[in-house]
Structure formats: structure tokens, C-alpha cells
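S.K.: can you look at this prediction? I've put the sequence above it.
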Amino acid sequence: MTEAINNNSIPEYEVLKQKYTPEEKILLKELRENLVDNAISSGETFQISEERLLNDIKNFLYSRLSLESDNISIDYLNNLSKKLLQNLIGYGQIDPLIHDDDLEEIMIIGVNKPVFVYHRQYGMMKTNILFKNEQELIELIDSIARQINRRIDQESPILDGRLLDGSRINATIPPVSADGPSLTIRKFKKDPLTIIDLIKSKTISVELAAFFWLCFDGLGVKSANAIISGGTSSGKTTTLNALTAFINPKERIITIEDTLELQIPHEHVIRMETRPSNTENRGELTMNDLVKNSLRQRPDRIIVGEVRANEAITLFTALNTGHSGFGTLHSNDARETITRLTNEPMSVPVIMISAIDFIIMQNRIYKADGVSFRRISEVAEVVGIEEGTVQLNKIFEWNPENDEIENVAVSSKTLTEISKLSGKSINELYEEISNRQIVLQHMLDYNIRSVGDVNNILEMYYENPRQVLNRIMGR
Ligand SMILES: Nc1ncnc2c1ncn2[C@@H]1O[C@H](COP(=O)(O)OP(=O)(O)O)[C@@H](O)[C@H]1O
Ligand SMILES: [Mg+2]
């Protein structure tokens, strides 16, 4: 009874299944065998070219079917070729899920149980897809392993890796997963949320975005650092990714991550990813190794996907020696961010903390109906250290009553520094912020929101701000 109620409360995600006639099933089986033969005979050099395969399939169908005596049309043959291709090189049953950019996660929890998905809008959903036998599921996991040149077997029953499209996969087979094979795919969003999307959804205000734009670019004299803090899945990485749009296109950026998640539009980016140790327990590359190495790569900006352990000290050393940086960190408020940074296992000396300009708190807020929304709930500046305690100055704060992010600062240390170094008055800086606010508002009004489009306008602004403003204001 309880089970029935639980089942009812999870919305359903229906996939229209591809149906095959008995004849088509036979063709598919033959094609599959051909493909395997081909792969075996060409050994290591086997490479699938989609176009060539489609051609091979068409030729195969022509040889097996006859347009006249089987009474079929060219259209049918072409469509069937495409359908078969999808089946052969795709992900079989779950292929439609892989291609739905609205899904965050695909979860296969075993045989004869529905495949679950996490939908960006509707949350957890139950699909009408089900693996009826273990063999079918193992074949899928095997084919994924092959795609990324890895293997999964009794000896190493856990597979953790990244698909070519950037999605993260984790698969297990018995005996580690007692009830049969499991597969979890955390999908890579092909069209990431940009700063304009975040303004539209009120995660950030246009005023705060314009303020950050000025501070992160720093008018070429001081590009500000920031730690984006918050709970699990609060949107830290997404906000970080969106804010990187403001980095001056001239900067040399190095990103360091456990899992490649960041999608930075800039031309000059080196992406680094950590590596676990191999089966002989060797070859591990940690975050700290990569942050240390990045210092030899002469970066302007180091971006650490998620700061967790001793790489924090290395990062702060870099920040204290004139590099700028970004990172995310798991914590619930600005004060806790400092506490976590300065204690085990990060153990950053308090004196080094003043290298951070901003702590940006990212929050996921749940409404009564279970739907959630995300807000930057606070921005604090690190203003100094007094008697061993880090002094914070709150400059922006989200007001839950009117759902606005309010500017609560009397003054900003970062703006004061930029003013000093650039020779521009604070008023001039505010004028520049309001100009940038006009540019962002324009993109918002005209729904210019994709990574490429936003980046184009920002680059144009960096080249010739007057021209961009004049065009927007129709002068
Ligand atoms: N401001 C936002 N509005 C809507 N969806 C968001 C927002 N921020 C994040 N998400 C979605 O929430 C999920 C988790 O976000 P992520 O940035 O990876 O969180 P975190 O890094 O805090 O764990 C992603 O699927 C992302 O697309
Ligand atoms: Mg993250």
C-alpha cells in the first residue's frame, strides 16, 4: 500500500519506444554481427565513422531487400537506415534519455526495475524503460566502457569515467552491486546556463552582475578573486561558470577540476583534470599536484573547480603572489567558509585569507511544494584580519521578503582598490558599472543568452565600449 502511494508520487517520464517488425529485428541482428566482425578484424584501428556506417547500412539494406518485390519505398529504407544506425552506435534503450538536455541524471539501478531520471524542471522521474535481463544491461555497460577505452569485469567491477560528450558515468557489476549491474550517468549540459539566464531566473541581480563584471575584469589593474560557497547542488559550479564570462579575454586561464564541468568561452584556456591511481596504485595526480603545476604555467587566473583539501594552501599561495583565482567550496555561510578554509584538511593560514576579495554564498531554497529555486544569498568582502580573526564586510544580501538582492554596502574595499590603482574616482567606477548594467539589461531584453552570443557582446564591449553603448541606445 505504502509502495503504491510512493509510486504515485514520482512523476512518469515516457519514452516513445522504437518498434521493429520481426523482419527488421533480423536485419538488426545481422548488422550487429557484421559490425562486430568488422571491429574484430580491424583490431585496434577500428574507428566508427557515422557517415560511413550509415552508408554501409544502406548498402546492406539494398542487398537484402528489394524495392519492387518487397514493395517498399526509398523513404522507408532511408528512415530504417537511420533508425538502425541509432541503435547500433547509440545507447540502445536509453538513447533518447542521453539526447534530452533537460535531464541532469540517468540512473539504472538494476534489472527489472524502471530506469530513473532527474529532470531539471520536474525533479526525480520514473521512466517506462526497463532492462529485462542482466545480459542486456551488461552489454550496454560494456559498450560504454569500450567507447572510452576502459573495461569492467570481475577484476575491476567499478567503472568511473567520462564520455566523449563530457558526461560522467559510473557503472558497477556484481559482486560490488549485489542486486545486479548499475549505471549512473551525470549528464553534461550542452547549453550551459549563462549570466543572462541567471539574471533572468533572479539567481543574481543585474546590478550585482554589473558590479562583478567590473571587479573581475578590474579595468586591467586588479582582477578580483572569489570563492563561491554553498551546499550540495546549490548551483556553485553553475554560478562560477557563468561569472567566468566576465574574465577579460586577454587573461590566460587554467582550470583544475576533478571532473571537467566548466565550459569557459575564452580562447586561452588550459583545462586540467585530476587522475586516480592506476591498478598498481601509481600515477595519481591530485588537485594539489595540478595547482602546483599550474604555477609553472604562468597563468593569470587559476580556477579550482572544488576546493576540498590541501590544494587550498597552494591556491592561496598563488593568490597571495599576484595571481587571481576562482573556486567553489562546500559550506553554509560566509563565516563557515573561513572556518573550513582555515581548519583541517585545508589548513590555510589565517593571514593568507585576506587574498580573497569576495565570498559569494549560493543558496538553494525549497518552496512548500518541493520545487526549488537558487539565489546568491550574500556577497561578503574580506576586509582584513584583526587579532587573528578574519573581518568580513557584507556588501550584497538577498531579501527573502521582496526576493531582491540588495546592495547593503557603505563602501567596497575592492572598488576602493581599483580606484586607487586605476586613478579613476569611485564615482567614475559607478558610472562604468551602470554602463555595463545597460549592456546586460540589453541582452536580457533581447534574450541574447547563449554562451557564444553573450561572449561576443562582452568581447565587443572590451574592444570598444562606446560603440556598443551607442548601438544599444540607438545613437
Ligand atoms: N541558478 C540556477 N538555476 C537553475 N538551475 C540551476 C542553477 N544553478 C544550478 N542549476 C542546476 O542545478 C544542478 C546542480 O548545479 P551545480 O552548479 O552543479 O551545483 P553545485 O556545484 O553547487 O553542486 C545542475 O544541473 C544545474 O544545471
Ligand atoms: Mg559543483
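M.R.: All right, it came through fine. Residues are numbered from 1 along each chain as shown. Ligands and ions are numbered 1, 2, ... in the order given.

S.K.: and Thr321, how close does it get to Gly305?
M.R.: Relative to Gly305, Thr321 is positioned 21 Å away (Cβ to Cβ, to the nearest Å). The way it works is simple: take the backbone N, C-alpha and C, and place the C-beta from them, glycine included.

S.K.: quick one, which of those two is more surrounded?
M.R.: Using other Cβ atoms under 10 Å as the criterion, Thr321 and Gly305 rank with Gly305 on top: 24 against 9.

S.K.: neighbours around the residue in the stretch 151-300 of the chain positioned nearest to ligand 1, how many?
M.R.: In the stretch 151-300 of the chain, no residue comes nearer to ligand 1 than Gly235, which is 2.7 Å away by Cβ to the nearest ligand atom. Using other Cβ under 10 Å, Gly235 is surrounded by 25 other residues.

S.K.: SS state for the residue lying closest to it once chain neighbours are set aside?
M.R.: Among residues not flanking Gly235 along the chain, Arg374 sits closest, at 4.3 Å (Cβ to Cβ, 6 or more residues apart in numbering). Secondary structure assignment for Arg374 (DSSP: H, G, I helix; E, B strand; the rest coil): strand.

S.K.: ok, now which ones touch Thr274?
M.R.: Ile256, Glu257, Asp258, Leu285, Thr286, Met287, Asp289, Leu290 (Cβ atoms under 8 Å, 6 or more residues apart in numbering).

S.K.: want to throw those into CSV with distance to ligand 1?
M.R.: Formatted as CSV, the contacts of Thr274 follow (distance: Cβ to the nearest ligand atom, whole Å):
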residue, distance to ligand 1
Ile256, 15
Glu257, 11
Asp258, 12
Leu285, 22
Thr286, 20
Met287, 15
Asp289, 22
Leu290, 19
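
S.K.: in strands, which of the residues you listed fall?
M.R.: Within these, residues falling in strands by DSSP state E are Ile256, Glu257.

S.K.: mind checking which of the contacts of Thr274 are buried?
M.R.: Buried members of the contacts of Thr274, counted by 16 or more other Cβ atoms under 10 Å: Ile256, Glu257, Asp258, Thr286, Met287, Asp289, Leu290.

S.K.: from this structure, which residue is nearest to ligand 2?
M.R.: With Cβ to the ion as the measure, Thr237 is the residue of the chain nearest to ligand 2, at 3.3 Å.

S.K.: quick one, phi/psi of that residue?
M.R.: In terms of degrees, to the nearest 10, the main-chain angles of Thr237 are phi -60, psi -40.

S.K.: apart from its neighbours in sequence, what residue is nearest it?
M.R.: Glu261 is the one closest to Thr237 (Cβ to Cβ, 6+ apart), at 5.3 Å.

S.K.: which SS state does the one you found fall under?
M.R.: coil.

S.K.: tell me the pLDDT of the residue nearest to Gly235.
M.R.: Reported pLDDT at Arg374 in the predicted model: 96.

S.K.: would you confirm that it contacts Asn363?
M.R.: Yes - Arg374 lies in contact with Asn363 (Cβ atoms under 8 Å); the separation is 6.7 Å.

S.K.: what do those two both touch?
M.R.: Jointly contacting Arg374 and Asn363 under the rule Cβ under 8 Å, 6+ apart are Ser234.

S.K.: quickly find the element holding Ile185.
M.R.: Ile185 belongs to strand 182-186 when assigned by DSSP states H and E.

S.K.: ok, the residue in the stretch 1-150 of the chain positioned nearest to ligand 1 - contacts?
M.R.: Taking Cβ to the nearest ligand atom as the measure, the stretch 1-150 of the chain has Glu104 as its residue closest to ligand 1, at 4.3 Å. Neighbouring residues of Glu104 by Cβ under 8 Å, 6+ apart: Tyr118, His119, Arg120, Arg186, Lys187, Lys189.

S.K.: contacts with ligand 1 among those residues, please.
M.R.: Lys189 (Cβ under 6 Å from any ligand atom).

S.K.: now do the strand holding Ile185: distance to the chain's middle.
M.R.: 16 Å (Cα atoms, centre = their mean, to the nearest Å).

S.K.: quick one: contacts of that strand?
M.R.: Contact partners of strand 182-186, identified using Cβ under 8 Å, 6+ apart, comprise 98, 104-110, 137, 140-141, 144, 163, 167-172.

S.K.: I am finished for the moment; much appreciated.
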